[in-house]
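1. what follows is a protein structure lacking sequence information:
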Ligand code: IPE
Ligand code: IPE
Ligand code: MG
């Protein structure tokens, strides 16, 4: 039997928390809490499988358009998770990094993010890239500014600008995403990792994120194994 291929870098658009809760007659925030539990389960599972990188979309730059109550709840949930609920994640050698803009995140949120990043920096298992206040367009704008500064300070010449330099100046220097999963049935990217997804395989499921457990993740990996990736060749 052929060996099962694992994507090196998995992307997950964790969508459908609100609908999961609403359909049960519960407040949307219950869905976010349940989604956070599913994320912890999946991080441990991906680490056990030997996946090297996972980028998970936790909060988009556009999500600030939601009601203040929901935004506040999510911010407090992030603080609680990073401060108190990631023990098992850390014990399992998972490293946490973040992608996104700092502004306008509160000091409390930033402190919790910096804390967990620091605590996990020597871990050598799965790199869990939490995309928080993340937008692909802002990332491209911020990368362009960083490269322009390098040019202005005579640290690079125009000829040095290539795909590698661009990748290195994104929020994190990670390999391309091989496999993108979006839960909840929406067929769109919603401003997620446009540059990194250039050759990714896409997987859409109607399952809402809180119900997207390890067994469903494994089904997605089976599907990935049936894909014929060509990267433009023949
Ligand atoms: C994803 O679930 C979580 C975040 C965007 C923070 P949603 O909150 O978008 O849930 P739906 O899509 O409204 O069901
Ligand atoms: C994308 O989901 C962002 C996250 C999952 C964090 P949204 O629910 O915000 O996306 P749209 O509004 O359906 O495009
Ligand atoms: Mg949604």
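-> Received, thanks. From a predicted model like this one, the values you see are computed outputs, not experimental measurements. Ligands and ions are numbered 1, 2, ... in the order given.
2. going forward, measure contacts and count neighbours with C-alpha atoms only.
-> OK.
3. give me the most central residue, the protein.
-> Nearest residue to the geometric centre of the chain (C-alpha atoms, centre = their mean): residue 56, 2.0 Å.
4. helices of this protein, start to end?
-> 17-22, 28-49, 68-84, 87-91, 107-119, 136-152, 163-168, 214-225 (DSSP state H).
5. for the second one, which outside residues touch it?
-> Residues lying outside helix 28-49 but in contact with it, judged by C-alpha atoms under 8 Å, 6 or more residues apart in numbering, are 14, 17-22, 70, 73-74, 77, 86, 89, 92, 94, 125-126, 128, 209-214, 217.
6. try stretch 226-234
-> 199, 201.
7. try 6 Å
-> Under the contact criterion C-alpha atoms under 6 Å, 6 or more residues apart in numbering, stretch 226-234 has no outside partners.
8. now swap in stretch 195-206 and tell me
-> With contacts defined as C-alpha under 6 Å, 6+ apart, stretch 195-206 is touched by 176-185.
9. try it again with 8 Å
-> Under the contact criterion C-alpha under 8 Å, 6+ apart, stretch 195-206 has outside partners 136, 175-187, 220, 224, 227, 229, 231.
10. of the residues you listed, grab the buried ones for PyMOL.
-> Per 16 or more other C-alpha atoms under 10 Å, the buried members of the contacts of stretch 195-206 correspond to this PyMOL selection:
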select buried, resi 136+176+177+178+179+180+181+182+183+184+220+224
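11. skipping its backbone neighbours, what lies nearest residue 97 in space?
-> Leaving aside its sequence neighbours, residue 97 sits nearest to residue 129 (C-alpha to C-alpha, 6 or more residues apart in numbering; 4.8 Å).
12. which parts of the chain sit against ligand 1?
-> Selection of the chain residues close to ligand 1 by C-alpha under 6 Å from any ligand atom yields 14-19, 58-59.
13. could you rerun that using 5 Å?
-> The chain comes close to ligand 1 at residues 15-19, 59, as judged by C-alpha under 5 Å from any ligand atom.
14. among the residues you listed, which two are most distant?
-> Farthest-apart pair in those is 19 and 59; separation 16.3 Å (C-alpha to C-alpha).
15. more neighbours: which of these two?
-> Neighbours around residue 19 and residue 59, counted as other C-alpha atoms under 10 Å, are more numerous at residue 59. The numbers are 21 against 17.
16. list the beta-bridge partners for that one.
-> residue 132 (DSSP bridges).
17. hmm, back to that, Throw the helices of the chain into JSON lines and include mean pLDDT, thanks.
-> Conversion of those to JSON lines gives the following (pLDDT from 0 to 100):
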{"stretch": "helix 17-22", "mean pLDDT": "98"}
{"stretch": "helix 28-49", "mean pLDDT": "98"}
{"stretch": "helix 68-84", "mean pLDDT": "98"}
{"stretch": "helix 87-91", "mean pLDDT": "97"}
{"stretch": "helix 107-119", "mean pLDDT": "98"}
{"stretch": "helix 136-152", "mean pLDDT": "98"}
{"stretch": "helix 163-168", "mean pLDDT": "98"}
{"stretch": "helix 214-225", "mean pLDDT": "98"}
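18. got the ones you listed as TSV, with distance to ligand 2 columns?
-> Formatted as TSV, these follow (distance: least, C-alpha to the nearest ligand atom, whole Å):
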stretch	distance to ligand 2
helix 17-22	9
helix 28-49	10
helix 68-84	10
helix 87-91	20
helix 107-119	16
helix 136-152	11
helix 163-168	22
helix 214-225	17
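19. CSV for those, including distance to residue 200?
-> Listed next are these as CSV, based on distance: least, C-alpha to C-alpha, whole Å:
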stretch, distance to residue 200
helix 17-22, 24
helix 28-49, 18
helix 68-84, 28
helix 87-91, 26
helix 107-119, 27
helix 136-152, 15
helix 163-168, 16
helix 214-225, 10
